[in-house]
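Enquirer: pasting a predicted model and its sequence here:
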Amino acid sequence: MRRPQLRAVAALVLVGGAIAAVGGTAYAAKGQELTEVKLAYAPITDYAPIFVGLKQGFWKQEGITLKTTTTSITPSSLVALSISGQVDIATNSATALITANVQGIPCKLLAAGSEYPTKGYMEILVRSSSDIRRFRDLAGKNVATVGLRGLFHMATLNAVEKDGGDWTKMTALPIAQPDAAAALLAGRVDAIVLQEPFKTLALLQSGIRSIGNPLALFDPRTTAGVMIACGDIFEKKKDVLLRFLRAWKKSVDFAQTHPKFTRTIIPKYSGLTQQVANLIDVPTFTTRLPQGVLGKMIKTMIHYGWITGTPPAYNQIVWDRK
């Protein structure tokens with residue numbers, strides 16, 4: 001794939017930071033009135049189940065008309081959309097939600113959407129000519145991550161430390177994933193952390209190679225993409241959230257058990273060609289929010305000084321559905 005094509009794909013994946021709407025049409029089932037639910041999502045592979053569910057009618061089955069919007073895929077922007085009331089639910093990463101929660105922002109996890117493997121999917125990329133060969137070599141380097149104090153940042157620091165490097169000497173710089181490969185090739189950063197589809201798009205360019213997946217040194221099943229809600233929605237729209245979660249579970253289960261079908265859905269919301277969609281790695285789709293994994297994240301975040309004082313309990317960051 002030529003670079004102009006890659007730039008065009010990236011532009012489609014992230015529509016210039018402006019909100020683009022994708023309507024999910026549904027009709028009343030059993031005479032019930034449908035409820036509109038506004039969902040902000042990052043256009044990455046993790047959230048293919050959203051559109052699998054639309055195609056299969058799972059949202060309609062729960063009396064929901066799902067209106068999806070995509071905007072900047074930074075964790076903070078997705079939290080902002082949710083806390084402001086512009087959307088009911090937003091996608092995010094578990095670590096970003098924990099960070100927001102401990103800062104006093106009233107957001108909670110509703111369910112997971114994906115777990116990341118220890119190979120592929122999310123990787124640290126460097127220039128082919130770089131002297132960086134392994135994670136510990138990132139000490140003293142500038143590394144682009146999608147956001148600060150999020151999953152990518154945490155996983156990279158942990159990988160540097162576990163590989164024997166001085167994590168305190170690594171500098172993380174927030175750069176949007178569609179812009180990261182250009183920043184790397186221009187020499188503005190020494191390394192970039194990317195997930196699909198941006199990882200594959202970057203590796204299709206010449207002059208870039210991978211040093212591996214930092215999650216290989218964290219956990220074999222890391223909770224990654226999640227659904228979050230913020231504010232008083234838990235009290236005001238409890239029934240809507242419960243119906244949303246039932247539809248989400250159906251969507252995630254179908255996506256996980258029908259991988260070929262899911263790959264045909266990815267181009268419909270991501271701007272990727274089917275050819276590229278066939279090349280990318282796909283995470284494990286799951287709604288599980290394991291207490292052990294989230295607890296390990298919190299301990300790691302405490303270790304890096306991101307959480308001070310009393311650490312949050314599981315039921316402080318996860319909605320108990322009561």
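Expert: On my side now, so go ahead. Only a predicted model underlies this, so the values are computations on that prediction, with no experimental measurement involved.
Enquirer: next, count neighbours for Thr200.
Expert: 21 (other Cβ atoms under 10 Å). The way it works is simple: take the backbone N, C-alpha and C, and place the C-beta from them, glycine included.
Enquirer: report pLDDT for it.
Expert: According to the prediction, Thr200 has pLDDT 95.
Enquirer: got the contact list for it?
Expert: Val276, Leu279, Ile280, Asp281 (Cβ atoms under 8 Å, 6 or more residues apart in numbering).
Enquirer: Thr145 reaches Leu173, doesn't it?
Expert: Yes: under the criterion of Cβ atoms under 8 Å, Thr145 makes contact with Leu173 at 7.3 Å.
Enquirer: of those two, which one has the most company?
Expert: Taking other Cβ under 10 Å, Thr145 and Leu173 do not tie; Thr145 has more neighbours (26 against 16).
Enquirer: beta partners of the more buried one?
Expert: On the basis of DSSP bridges, Thr145 is bridged to Pro174.
Enquirer: mind listing what it touches?
Expert: Phe152, His153, Thr156, Ala172, Leu173, Pro174, Ile175, Val193 are the contacts of Thr145 under Cβ under 8 Å, 6+ apart.
Enquirer: from Leu54, how far out is it?
Expert: For Thr145, the distance to Leu54 (Cβ to Cβ, to the nearest Å) stands at 31 Å.
Enquirer: just say helix, strand or coil for Ile211.
Expert: Using DSSP: H, G, I helix; E, B strand; the rest coil, the secondary structure recorded for Ile211 is strand.
Enquirer: tell me, how many residues neighbour the closest residue to it other than its chain neighbours?
Expert: Leaving aside its sequence neighbours, Ile211 sits nearest to Ile124 (Cβ to Cβ, 6 or more residues apart in numbering; 5.2 Å). By the criterion of other Cβ under 10 Å, Ile124 has 26 neighbours.
Enquirer: adjacent strands (with direction) for the strand or helix carrying Ile124?
Expert: Per DSSP states H and E: Ile124 is located in strand 123-127. Partner strands and pairing direction for strand 123-127 (DSSP bridges) are strand 191-194 (antiparallel), strand 208-212 (antiparallel).
Enquirer: hey, what's the residue nearest to Ile211 bridged with?
Expert: Counting by DSSP bridges, the residues bridging with Ile124 are Val193, Gly212.
Enquirer: check contacts around it.
Expert: Applying Cβ under 8 Å, 6+ apart, the residues contacting Ile124 are 135, 138, 143, 156, 159, 191-193, 210-214.
Enquirer: could I get those residues as CSV with pLDDT, distance to Gly225 and neighbour count?
Expert: As requested, these are arranged in CSV below (pLDDT from 0 to 100; distance: Cβ to Cβ, whole Å; neighbours: other Cβ atoms under 10 Å):
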residue, pLDDT, distance to Gly225, neighbour count
Phe135, 98, 23, 28
Leu138, 98, 24, 29
Val143, 98, 21, 24
Thr156, 98, 18, 24
Ala159, 98, 20, 26
Ala191, 98, 22, 23
Ile192, 98, 19, 31
Val193, 98, 15, 28
Ser210, 98, 21, 14
Ile211, 98, 23, 18
Gly212, 97, 21, 17
Asn213, 96, 16, 25
Pro214, 96, 17, 27
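Enquirer: of all the residues you listed, which comes closest to Lys67?
Expert: Val193 (31.0 Å; Cβ to Cβ).
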